[in-house]
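1. Here you go, sequence then predicted model.
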Amino acid sequence: MIIYVYATGRDDREIRNIIELYRQAGWWGRKGDDLELVSRLVAGSHCFLLASNGAEIVGMGRAISDRASDAYLQDVTVRLPYRGRGIGTEIIRRLVARLREDGIKWIGLIAEKNSFPFYQCLGFKVMSDSTPMVMKAYD
C-alpha cells in the first residue's frame, strides 16, 4: 500500500532516498550525497510530497510558491518499477489540493520529455503564448 506524506528534510534516510530519486530521473549526477542541500531544498519548498511503499520512497513531487498567489510544481517522479500505478497522478492531485487549500490560485509547471499529455489529463493546459526559459549558473 502506498502512503503519501510531506517530507520534513530532517531525516537522513529520507534525504538519501530523495537524492536517489533525483538521480534516477536523470536530474542529478553522482557528485556525492549533499544532505544539507537537499534538506534546504525540502525546507524551502511550499510543500514536498513523498510516496512510500513501506520503508522505500517510490515517488516525489514538490511545489514552490510565493505563498500568496502563484506556485509551480517541480521534480515530480516515480521509481520505474512503480510507474503506471497512478502514483504520479496522486502526487499531482495532492499537491494541487494542498496549494488550493493554502489559497494559491495559479499553478504552473514545465512538462519535460513529452510528458505534457499526462499533465493535460490532470487539468493543466499548454500556455501557447509562453516559452519556458532558464538561466543556469555553471561551475
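-> That came through fine.

2. Give me the longest helix you can find in this protein.
-> As assigned by DSSP state H, the longest helix anywhere in the chain is helix 87-101.

3. contact partners of it?
-> With CB atoms under 8 Å, 6 or more residues apart in numbering as the test, helix 87-101 has contacts from 2, 4, 46-47, 49, 51, 58-63, 65, 71, 73, 76-78, 107, 118-119, 121-123. Using the backbone N, CA and C atoms, a C-beta is placed for each residue, glycine as well.

4. Point to the residue nearest the middle of the protein.
-> residue 61 (2.1 Å; CA atoms, centre = their mean).

5. what's around residue 45, how many residues?
-> For residue 45, the count of nearby residues is 20 (other CB atoms under 10 Å).

6. let me redo that: residue 6
-> Using other CB under 10 Å, residue 6 has 15 other residues around it.

7. What are the boundaries of the strands in this structure?
-> Assigned by DSSP state E, the chain shows strands spanning 2-6, 47-53, 56-65, 70-78, 106-108.
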